[in-house]
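Novice: 3D model of this:
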Amino acid sequence: MLADKMNVHESHEQYCRIKKLANHLMHQSHEESQIAVQLFHNRREKNLFCETKIFTEMQCEKLRMQEFQDSMDTEKAMCRLHELSRRDKQQQEEALYVKYQDEQVHICCQKHYSMCFHIVLQITDFAAKIGEYFELMQRQLPEELLREWKYLFFHDQPLDDSFLEDKGDRKKERQTLLDAQDFQEYQTMSGAWKFENEEPNSNLCPHDRVLGHIRYCIFDMASLKNMSSRPQLPPFSLKACFIGNLFSGKTLCLQKLHKEHGLIALQPESLLSKAMISSKATCDEQLEFSLANREHQVRFIIYFYSLHIHLHTYISAVMRHLTMGIRSEKCVVKRCRHCANIIECTDTNRDGIAHCSSATNLYSMLLY
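Specialist: Residues are numbered from 1 along each chain as shown. Predicted structure coming up:
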């Protein structure tokens, strides 16, 4: 009984343990499924957040690009307007400058015209007064009156007072100028105060040698009796150098000067080519001369070699003749150092070296 109870109790306990374990596993699997669902939701939320962030960044990038493009377009339009305004201002300034230049030219021309017109009127008045005097008096104008009129003409004083309003002031001014002229002539002893037989003074400018020399040269050139046919300077040549940019017309100017004035133009390229041609001709002559000398030397060597062969033949014949004859006691048989032949000679030098007759004759021929 006790054993059965123990078995039943053990089986019940084992059942309880298995049930607890099953409940525990079921609870754990349920928790794991909840955790998996939560992780899935978290992952989905994370993906949605990333997509939202990427979309937001793209929208911001598009907005920035749009703003940048708008700012660039605005700046471009402002630059175009600024350029147009600058061009308009420049055109206005150029037009104003041209207008100012035209006004200045017109003023200068008007001033020049008025001055020339005034001078022409004075010249006409002066000529008319001289013609009127000649028509009335039927004689030439006196020198003193001509000098006074010229002085008034040079000092811009009218000769005819009929059209002037303030005649009294003009007459006083003219009289003052004429008195000053008369006093100046009195001081310099010229004009009406000049002596009739007075010779021209050559020392008018003692303080200025250059002006005195120029005056002396002018008087010398004006007097025909003192003119000499001989030139003052000896003949000489002038040398000049034309310097300029490339293709600026230097050669054309030189050719024109050569045709019209006979100037000789020296061009470095032509001079260099002529020098090269002459040097080449000189080198060719030297080469021909050296080749001729070489040919002469070759001919001399050939002649010397043929002479050596003839001498060798002659020495061999002499040696054969000597070997066949009677030998004396003083005869010594040695080899010649020049022709390499065995010879019999009766004389030797102090060194004991024998010389054949052919070598001696050859030395004498060469020395000759």
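
Novice: point out where the stretch 51-200 of the chain drops to low pLDDT.
Specialist: In the predicted model of the stretch 51-200 of the chain, residues 160-168, 195-200 satisfy pLDDT under 70.

Novice: using the record's domain definitions, break this structure down for me.
Specialist: Following automatic domain parsing, the chain resolves into domains at 14-136, 142-194, 297-367.

Novice: endpoints of the second one, how far apart?
Specialist: One end of domain 142-194 sits 15 Å from the other (Cα to Cα, to the nearest Å).

Novice: do the same with stretch 132-142
Specialist: Terminal residues of stretch 132-142 are spaced 14 Å apart (Cα to Cα).

Novice: please name the residues that touch the residue lying closest to residue 129 once chain neighbours are set aside.
Specialist: Nearest residue to residue 129 in three dimensions, chain neighbours excluded: residue 159, at 5.0 Å (Cβ to Cβ, 6 or more residues apart in numbering). From N, CA and C alone the C-beta is placed, and that goes for glycine too. Residues in contact with residue 159 (Cβ atoms under 8 Å, 6 or more residues apart in numbering) are 125, 126, 129, 149, 152, 153.

Novice: check this structure for its longest helix and report it.
Specialist: When the chain is parsed with DSSP state H, its longest helix is helix 2-137.

Novice: what's that helix packed up against?
Specialist: helix 143-154 (3 or more Cβ pairs under 8 Å, 6 or more residues apart in numbering; DSSP states H and E).

Novice: C-alpha coordinates for the helix it packs on, CSV please?
Specialist: Provided in CSV are the C-alpha atoms of helix 143-154 (Å, rounded to 0.1, in the frame of the first residue of the first chain):
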residue,chain,number,x,y,z
GLU,A,143,60.5,155.6,-95.0
GLU,A,144,59.6,157.3,-91.7
LEU,A,145,55.9,157.1,-92.3
LEU,A,146,56.2,153.4,-93.4
ARG,A,147,58.1,152.6,-90.3
GLU,A,148,55.4,154.2,-88.1
TRP,A,149,52.6,152.4,-89.9
LYS,A,150,54.5,149.1,-89.6
TYR,A,151,55.0,149.7,-85.9
LEU,A,152,51.3,150.4,-85.4
PHE,A,153,50.5,147.4,-87.5
PHE,A,154,52.7,145.1,-85.4
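
Novice: could you check the angle helix 2-137 makes with it?
Specialist: Helix 143-154 and helix 2-137 are oriented at 160 degrees to each other (axes from the mean of the first three to the mean of the last three Cα atoms, to 10 degrees).

Novice: would you mind listing the buried residues in helix 143-154?
Specialist: For helix 143-154, burial by neighbour count (16 or more other Cβ atoms under 10 Å) applies to 147, 148, 149, 151, 152, 153.

Novice: re earlier: relative to residue 244, how far out is the residue nearest to residue 129?
Specialist: Relative to residue 244, residue 159 is positioned 56 Å away (Cβ to Cβ, to the nearest Å).

Novice: same question, residue 32
Specialist: Going from residue 32 to residue 244 by Cβ to Cβ gives 102 Å.

Novice: next: residue 124.
Specialist: Here the criterion is Cβ to Cβ. By it, residue 124 lies 50 Å from residue 244.

Novice: before we move on, what about residue 40?
Specialist: In this view, residue 40 and residue 244 are 93 Å apart by Cβ to Cβ.

Novice: same deal with residue 123?
Specialist: 46 Å.

Novice: what kind of secondary structure is residue 265 in?
Specialist: coil (DSSP: H, G, I helix; E, B strand; the rest coil).

Novice: you'd agree it is up against residue 254?
Specialist: Yes - with contact defined as Cβ atoms under 8 Å, residue 265 reaches residue 254; the gap is 3.8 Å.

Novice: quick one: buried residues of stretch 106-124?
Specialist: Neighbour counts over stretch 106-124 (16+ other Cβ under 10 Å) mark residue 122 as buried.

Novice: what does stretch 238-247 give?
Specialist: Within stretch 238-247, no residue counts as buried by 16+ other Cβ under 10 Å.

Novice: what do you get for stretch 180-196?
Specialist: By 16+ other Cβ under 10 Å, the buried positions in stretch 180-196 come out as 181, 182, 185, 191.

Novice: which other residues reach that stretch?
Specialist: With Cβ under 8 Å, 6+ apart, stretch 180-196 has contacts from 144, 147, 148, 151.

Novice: try 10 Å
Specialist: Stretch 180-196 is contacted by residues 143, 144, 147, 148, 150, 151, 152, 154, 155, 198, 201 when judged by Cβ atoms under 10 Å, 6 or more residues apart in numbering.

Novice: if I pick residue 258, what's in contact with it?
Specialist: 264, 265.

Novice: assumed it was part of a strand.
Specialist: No - Residue 258 is assigned helix when assessed by three-state DSSP, not a strand.

Novice: per-residue pLDDT, it?
Specialist: Per-residue confidence at residue 258 stands at 81 (pLDDT).

Novice: against residue 275, how distant is it?
Specialist: Noted for residue 258: a distance of 21 Å to residue 275, by Cβ to Cβ.

Novice: before we move on, what about residue 262?
Specialist: According to Cβ to Cβ, residue 262 and residue 275 sit 25 Å apart.

Novice: of these two, give the one with the bigger neighbour count.
Specialist: Between residue 262 and residue 275, residue 275 has the larger neighbour count (other Cβ atoms under 10 Å), namely 10 against 7.
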